[in-house]
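J.: no sequence for this one, just the structure:
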């Protein structure tokens, strides 16, 4: 667009070209990610650590999905991708979606209420993923993936990595790549699509982490997995 400005020496108004806003990428959310979000909310509604008298907001599921899509969009804008599939790295933003929509069963004068809330939300998301992916894969069957990390291998993924680069990183660990391809097929996703294979690979890693088969350090959208 064009907006008015000052005047040039001839008296004509100056014209400034307003830079166009970048077009957000298309976001395709796999059914499995919907399942994980829905399972997380279901677990929240049954948790003894949450005040069920006040309940869990009916908007919790919607807020989780909107936040996941927004996180994937932001990642796509950073990486310059025209289309993106949400991955585990995008789930690091989901805590903010649930804050204020659940009420914990903790003392009002508890000094670490917010920290406790964050830990509970992380635990619920982990249990949601554990339950859903457990319908399609078993930890013992994925043990070769965990064993591949036994020699000190460390794998880093973050929300500034394109799907193509993430898929290449996953491909470098043969056992992980095979597991990602198998999970894609069980989830009726396309393993030839780097977006979907990167999503499946991160789900495998996170599934092994919540089963204590791998360790993980994370922060600011970055996750590092090791044995």
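T.: Happy to help now that I have it. Everything numeric here is computed off the predicted structure, so don't read it as measured data.

J.: can we go C-alpha only for contacts and neighbour counts from here?
T.: Will do.

J.: lowest average confidence across helices and strands of this protein, where is it?
T.: When each helix and strand of the chain is scored by mean pLDDT, DSSP states H and E, strand 2-7 comes last, with a mean of 42.

J.: contacting residues for the closest residue to residue 90 other than its chain neighbours?
T.: Sequence neighbours aside, residue 71 is the residue nearest to residue 90 in space, at 5.5 Å (criterion: Cα to Cα, 6 or more residues apart in numbering). Residues in contact with residue 71 (Cα atoms under 8 Å, 6 or more residues apart in numbering) are 86, 90-91, 93.

J.: do the same with residue 204
T.: Residue 204 makes contacts with 176, 179-180, 183, as judged by Cα under 8 Å, 6+ apart.

J.: how far away is it from residue 177?
T.: Distance of residue 204 to residue 177, given as Cα to Cα, to the nearest Å: 10 Å.

J.: got it, and residue 116?
T.: From residue 116 to residue 177 the distance is 35 Å (Cα to Cα).

J.: who's more crowded, the two?
T.: Neighbours around residue 116 and residue 177, counted as other Cα atoms under 10 Å, are more numerous at residue 177. The numbers are 23 against 14.

J.: how about the contacts made by the more buried one?
T.: Going by Cα under 8 Å, 6+ apart, residue 177 touches 170-171, 201.

J.: just put those in TSV and tack on distance to residue 212 and neighbour count.
T.: Below are the contacts of residue 177 laid out as TSV (distance: Cα to Cα, whole Å; neighbours: other Cα atoms under 10 Å):
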residue	distance to residue 212	neighbour count
170	20	25
171	23	17
201	17	27
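
J.: what's the span of stretch 46-59 from first residue to last?
T.: End residues of stretch 46-59 are separated by 17 Å (Cα to Cα).

J.: now stretch 84-103
T.: Stretch 84-103 has an end-to-end distance of 33 Å (Cα to Cα).

J.: again, but for stretch 165-182
T.: 20 Å.

J.: which stretches of this protein have low pLDDT?
T.: By pLDDT under 70, the weakly predicted segments of the chain are 1-21, 100, 105-114.

J.: what ranges does it have for its strands?
T.: Counting by DSSP state E, the segments of the chain that form strands are 2-7, 13-17, 26-27, 83-84, 154-158, 215-219, 222-226.

J.: packing partners for the last one?
T.: Read that as strand 222-226. With contacts defined as 3 or more Cα pairs under 8 Å, 6 or more residues apart in numbering; DSSP states H and E, strand 222-226 has these neighbours: strand 154-158, strand 215-219.

J.: tell me how far the last one is from the chain's mean position?
T.: It stands for strand 215-219. Distance of strand 215-219 from the chain centroid (Cα atoms, centre = their mean, to the nearest Å) equals 14 Å.

J.: just send the helices and strands packed on strand 222-226 back as TSV, with mean neighbour count and distance to residue 65 too.
T.: As requested, these are exported to TSV (neighbours: other Cα atoms under 10 Å; distance: least, Cα to Cα, whole Å):
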stretch	mean neighbour count	distance to residue 65
strand 154-158	17	19
strand 215-219	14	21
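
J.: burial count for residue 129?
T.: Close neighbours of residue 129, defined as other Cα under 10 Å, add up to 23.
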